[in-house]
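Novice: the following comprises the amino acid sequence and a computationally predicted model.
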There are 2 protein chains.
Amino acid sequence: MLTRKIDPAVRNKLMDELPQFCGTENYYRHALCKNLVYTDGVKFLVDMRADVLHFMRSHPGLVAIDEELFDLLSSWFDIGNLDLHRISWGSPAALLEKLISYEAVHEIRSWNDLRNRLDSDRRCYAFFHPRMPEEPLIFVEIALGQDLADNIHHLLDEAAPALDPRDAKVAIFYSISNTQMGLRGVSIGGFLIKRVVEQLILDFPKLKTFATLSPIPEFGNWLDAQLREGDARLIAKSDHAKLCAAGKMPEPVEAFRTLMRGEWQKDPGASAALQPVLTRLVARYLVLEKDKDRPVDPVARFHLGNGARIERINWLADISPRGLKQSAGLMVNYLYKLSDIEENHEAYAREGRVIVSNSVKQLL
Amino acid sequence: MLTRKIDPAVRNKLMDELPQFCGTENYYRHALCKNLVYTDGVKFLVDMRADVLHFMRSHPGLVAIDEELFDLLSSWFDIGNLDLHRISWGSPAALLEKLISYEAVHEIRSWNDLRNRLDSDRRCYAFFHPRMPEEPLIFVEIALGQDLADNIHHLLDEAAPALDPRDAKVAIFYSISNTQMGLRGVSIGGFLIKRVVEQLILDFPKLKTFATLSPIPEFGNWLDAQLREGDARLIAKSDHAKLCAAGKMPEPVEAFRTLMRGEWQKDPGASAALQPVLTRLVARYLVLEKDKDRPVDPVARFHLGNGARIERINWLADISPRGLKQSAGLMVNYLYKLSDIEENHEAYAREGRVIVSNSVKQLL
């Protein structure tokens, strides 16, 4: 049982401030003084931190409580306390419906969609805390196959036949979702990938390649800002003529703007003119755009921080409304090359070095 | 492990005849000589009998094999060999999807529909065979509540709130589905009800009433035949005037036919004129229409044979297309009165006596 106690001074402050945000005065007191020894006490504190985070902007007094809770939860949710479990179609429906509601990257549209993601050539793993046995904390979805996947629609096609996973050479991590708002900042995603790679190597000895198929979630916003600014250096000179012709505008940035406003993904001419421009811009955005010496894109920060490298940029890889809006339809493969992970991780941690494949380097 | 062997003479006959119905010569030989010692050997023979039943009409030579298989399976699937398990929303999705595909009475339209049927005020139980652990053999769905349910649409309404099952006074068995074609004639349904009633009494001591809400699946066909014959005694004299007025016909049977052809369930006038006529006819059909001294309706035979009595006939209780076609929209409550079950069962078994409540008696 959990015995660590929150600092009494902080607790008193909490007691003074928190009751205004909830129905009964005893809500948090109950949690802190009593519930911790019960099975659901941990979940209660995780949910409490989610509340604190929610109200923190309007109530700066809660910052101290958040810090205390974060410290407490970071300790409890240390990787050594977590259990890795495989989730399959044989798992309880009550658990599977949580995947449906928690999936944060590619919406699970139906139970058939979910079933396809748990088929014989797929794997799903999650971390659980022993005191929150019904709540996956973070889960990852993996497709086993022959090639580095370049398109999320093909990968999630329910009509596509399942392959024999024993022959798989490539494992694609195509979705990682954190589920508990209250664990924000408690980093367990990198460990999840590491542990799952170890498990997959045991189960499928022919696997040689571990990579992701990932969105570029902030690229859309970044691109919008660039287009508003309208710097002509956005576009390589060699792409000007084609862009102006497709956009029917004399000025390339104006042509770029015009094309992006339409349904370019459905128009082969517009699409062909935009492909080199957007692909180059994604490479530049991922590798060169920095905030405090780290890439601005959160997904890039996550995988590069784990020791992956930017392997390939894929065109028309996610043309869902969200994929178009966030990532202009492109997706990235981050490659986890087992022999390089440690070194990559060190170089990134030490000096923020972004490791890039040769093909992506040529786009810069 | 199962060791009983099929009679070699019958097996030889089987070997001569069966290969024409399947892809490979070794299909059934494999099953009979080898597979029985494996976990899926039992399922294999159950499926084999389903095949035999399917081809038996066109291949009368298979009758002997069916008899042998029936004998074998009746012995293996003796009630003493079966396990009763509760199925809940915490059960594996792989099992739950079988409920969706096997449900034979009220189609499960979606996972939300299924979830509602497994809510806190519902129960679902199934029999399993230890050598077919992934296959429910028969399952029953139960609603716990305060009253004798009179309408399947209300009972399956996903928007209706769940009641506290601890306060339930009534358990309604609203769906029983056999799942294995190959177990046709192996009767385990009566035992299922008996075992589930015992379990519910243990779990919910306030339960006083155990009853069904059941279709009348052959009533529609019987009624069509009666209407074709056109015997005027179909309709009580007291109902003539109202029927003729609603059907705008001078002759009551003609008016009856006319009304039944339209969407009478949506027309309050037609519905009011038909209610006494159809309710009386259902009572007559259930209680008086016999085949070899037993009621012609299969659901009535099942529940009366188990010791239930015909308690109530419910108007506009199932107006789904299937409910209208099979049961003219009506449903029946069969009441399992615990103190009377044995006696009812004996009287029915001995002399075919149909036990009927006073309110249904008045309809005859």
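Specialist: Everything's here; your move.

Novice: whatever residue of the stretch 201-350 of chain A ends up closest to chain B: neighbouring residues, count only.
Specialist: Chain B sits closest to residue A:203 of the stretch 201-350 of chain A, with a gap of 19.5 Å, by CB to the nearest CB. C-beta here means a position set from N, CA and C on the backbone, and glycine is covered the same way. Neighbour count of residue A:203, defined by other CB atoms under 10 Å in any protein chain shown: 14.

Novice: may I see the buried residues of stretch A:233-250?
Specialist: A:234-235, A:239-240, A:242-244, A:246-247, A:249 (16 or more other CB atoms under 10 Å in any protein chain shown).

Novice: all strands of chain A, in order?
Specialist: A:83-86, A:122-128, A:138-145, A:170-178, A:209-212, A:290-291, A:294-295, A:309-314, A:331-336 (DSSP state E).

Novice: export the buried residues of stretch A:233-250 to CSV and tack on distance to residue B:325 and pLDDT?
Specialist: Below are the buried residues of stretch A:233-250 laid out as CSV (distance: CB to CB, whole Å; pLDDT from 0 to 100):
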residue, distance to residue B:325, pLDDT
A:234, 66, 87
A:235, 67, 93
A:239, 66, 93
A:240, 69, 93
A:242, 64, 93
A:243, 63, 93
A:244, 66, 94
A:246, 59, 94
A:247, 61, 92
A:249, 64, 92
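
Novice: among those residues, which one lies nearest to residue B:286?
Specialist: Ranked by distance to residue B:286 (CB to CB), the buried residues of stretch A:233-250 are led by residue A:246 at 74.9 Å.

Novice: roughly how far apart are the closest residue to that closest one other than its chain neighbours and residue B:167?
Specialist: Distances taken as CB to CB, 6 or more residues apart in numbering or on different chains put residue A:273 closest to residue A:246, at 3.6 Å, once the chain neighbours are dropped. Residue A:273 sits 69 Å away from residue B:167, going by CB to CB, to the nearest Å.

Novice: can you pull the residues of chain A lying near chain B?
Specialist: A:89-94, A:96-97, A:111, A:115 (CB under 8 Å from any CB of the partner chain).

Novice: write the PyMOL selection for whichever of the residues you listed are buried.
Specialist: Remark: buried members of those, expressed as a PyMOL selection using 16+ other CB under 10 Å:
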select buried, chain A and resi 89+91+92+93+96+97+111+115
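
Novice: for the residues of chain A next to chain B, name the two members farthest from one another.
Specialist: A:94 and A:115 (15.9 Å).

Novice: show me the shaky parts of chain A.
Specialist: A:1-40 (pLDDT under 70).

Novice: which neighbouring elements make contact with the longest helix belonging to chain A?
Specialist: Longest helix of chain A, by residue count under DSSP state H: helix A:268-288. Counting contacts by 3 or more CB pairs under 8 Å, 6 or more residues apart in numbering or on different chains; DSSP states H and E, helix A:268-288 packs against helix A:219-229, helix A:240-247, helix A:252-261, strand A:309-314.

Novice: quick one, it and helix A:252-261 angle?
Specialist: Helix A:268-288 runs at 110 degrees relative to helix A:252-261, counting by axes from the mean of the first three to the mean of the last three CA atoms, to 10 degrees.

Novice: and helix A:268-288, how far from the chain's centre?
Specialist: For helix A:268-288, the separation from the chain centroid amounts to 22 Å (computed by CA atoms, centre = their mean, to the nearest Å).

Novice: can I assume residue A:307 is in contact with residue A:341?
Specialist: Yes. Using CB atoms under 8 Å, residue A:307 is in contact with residue A:341, at 3.6 Å.

Novice: if you count what's nearby, which of these two comes out ahead?
Specialist: The neighbour count for residue A:307 versus residue A:341, taken as other CB under 10 Å, is higher for residue A:307 (24 against 19).

Novice: phi, psi of that one?
Specialist: phi 100, psi 10 (degrees, to the nearest 10).

Novice: list the contacts for it?
Specialist: Taking CB atoms under 8 Å, 6 or more residues apart in numbering or on different chains, we find residue A:307 in contact with A:336, A:340-345, A:348.

Novice: residue A:169 now?
Specialist: Listed by CB under 8 Å, 6+ apart, the contact partners of residue A:169 are A:145-146, A:206-209.

Novice: go again using 7 Å as the cut-off
Specialist: Residues counted as contacts of residue A:169 (CB atoms under 7 Å, 6 or more residues apart in numbering or on different chains) are A:146, A:206-209.
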